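> my questions are about this predicted structure, shown below with the sequence.
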Amino acid sequence: MVPRTSRSSAGTGGDRVNRAAGSGGSVVVDRCQVCDNADLEPIVFVGFLPPVNTFVPIGTRPAEQPSYPAQLLRCPRCELVQLGLIVDPAILFPPSYAYTSGTTRILRENFAELEKEATPLLGLRRDDLVVDIGSNDGTLLKNFQRAGNRVVGIEPTDVGKTADASGIPTITAFFDAASADDVVKRYGRAKLVTATNVFAHIEDIHSIVDALLRLLDEDGVFISESHYWVGLMGTLQYDTIYHEHLRYYSLTSLRNLLAMHGLEVFHARAIPTHGGSIRVYAARRGKRKVTPSVDTYLADEREALAPSRLDAFRSGVVASKLKLYRLLDEVSGGGSRIYGIGAPSRAATMVSYVGLDDGIVSSILEIAGSHKIGKYMPGTLIPVVDEEQLFVDQPECALLFSWHIADELIPKLRGRGYRGRFIVPLPEPRLAQ
Ligand SMILES: [Zn+2]
């Protein structure tokens, strides 16, 4: 991993910020990643978390393992919510890391809908270039390709090669000034650049926006989709706090960041992906007509981001944790076996913060083919096994770690013959039939 050395052109004082990339460890965030304010306020602390993608084989004797503090901080100047520690991506994304976005129905539908919304709103024409940052398996770009646009993906992991082989031109690289220039040289400037669920993950955010500007046509549009902080707060999603997620955006904070680079937000909409996200459209200032959606969200956020709401979030998280523990106690006290369903990154935070171990949750199930099968859940001795075991063992209870897609999962598992009950842990821990 090469340390990012490029510095912001926005005059944010980025030179003073230490970089975790290439450090082999972590750096404490003592200044706002966007506006450089040193006065950051604590929101909530969910303890020390092991890296969420560190899975060791079942049977391995527990050995020394790093874990990293996870505290959320708020910047009162630009409203950015951010993690108080940045971990070297080489630790967070080991070579075994693999995630494909084509797998959940909500994501596939969202990307299809994105194309349907964006094309008329932007006046995209056939042959206009669409570039996706962190394009993964090409699921998003397929929709634009079908509509007749030229498409290019930029993806650092090997999954991009699979997309390329399946007909979605993909450059294997991290997104930065060099890969942006590479696209411009080979394909020209982009009318549309998309970044879904990646804009919160990259350390040096100002250099990313600078690179984006190199890639974007004069009247081009940038669409980002990120976890929506206001929604996360409302549904007590402490389980989205882990070290891959460096920033948690509201429209207010994202607009402040983009404005530092001459970009103007002109449209916004909440969408259901990842348990609640926001899709934000931006262009160079004055290039696009601003829709009323922007003022509506900003007005709502003035209330939603008030400090009293943060206090309510903190106490709500604690109450939710205690209630989940009581529910698990009630269920297992009656002799029921509890299996976990799914081991996404958010499961690791819940396991760690709530304090689940193999005495409470006997095993966690993953779909066949998952590289997590045959390993322990990070920081525990809970084995991850093939989902098929659910139907063979028929445990009395199944704890849904991917609770945000419970409506998709429950009928699917019922249809395949699971007869026990479900525990939905958030936002209100409850039993479901
Ligand atoms: Zn700030």
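Received it, and whenever you're ready, just let me know what you need.
> for residue 368, which residues are in contact?
Residue 368 makes contacts with 386-388, as judged by C-beta atoms under 8 Å, 6 or more residues apart in numbering. Just so you know, the C-beta spots here come from the backbone N, C-alpha and C atoms, and that holds for glycine as well.
> so can I have TSV of these showing distance to the ion and secondary structure?
Conversion of the contacts of residue 368 to TSV gives the following (distance: C-beta to the ion, whole Å; DSSP: H, G, I helix; E, B strand; the rest coil):
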residue	distance to the ion	secondary structure
386	45	strand
387	43	coil
388	48	helix
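> which one among those residues gets closest to residue 115?
Of all these, the one sitting nearest residue 115 is residue 387; the distance, using C-beta to C-beta, is 31.4 Å.
> pretty sure the closest one is touching residue 364, no?
No - with contact defined as C-beta atoms under 8 Å, residue 387 and residue 364 do not form a contacting pair (9.9 Å).
> shared neighbours of these two, anything?
When contacts are counted by C-beta under 8 Å, 6+ apart, residue 387 and residue 364 have residue 341 as shared neighbours.
> more neighbours, the two?
residue 364 (27 against 19; other C-beta atoms under 10 Å).
> okay, now the unreliable bits of the chain?
Scanning the chain with the threshold set as pLDDT under 70 gives 1-17, 95-103.
> would you mind listing what in it touches the ion?
When proximity is defined as C-beta under 5 Å from the ion, the chain approaches the ion at 32, 34-35, 37, 75, 77-78, 80.
> going through these, which ones are buried?
Among the residues of the chain next to the ion, those classed as buried by 16 or more other C-beta atoms under 10 Å are 32, 34-35, 75, 78, 80.
> tell me the buried residues in the longest helix along the chain?
Taking DSSP state H as the criterion, the chain has its longest helix at helix 307-333. For helix 307-333, the buried set under the neighbour-count rule, 16+ other C-beta under 10 Å, comprises 310, 313-314, 316-317, 320-321, 324, 327-328, 331-332.
> helix or strand right after that helix?
Next in sequence after helix 307-333, counting helices and strands by DSSP states H and E, comes strand 338-341.
> tell me the helix or strand right after that following strand.
Elements were assigned by DSSP H and E; along the chain past strand 338-341, the next helix or strand is helix 345-354.
> other SSEs contacting that following helix?
If you count contacts as 3 or more C-beta pairs under 8 Å, 6 or more residues apart in numbering; DSSP states H and E, helix 345-354 packs onto strand 41-49, helix 307-333.
> that one vs strand 41-49, what angle?
Here the directions of helix 345-354 and strand 41-49 differ by 90 degrees (axes from the mean of the first three to the mean of the last three C-alpha atoms, to 10 degrees).
> what's the spacing between helix 345-354 and its chain's center?
The chain centre lies 15 Å from the centre of helix 345-354; the measure is C-alpha atoms, centre = their mean, to the nearest Å.
> I'd say residue 230 and residue 301 touch.
Yes - with contacts counted by C-beta under 8 Å, residue 230 reaches residue 301, the gap being 6.1 Å.
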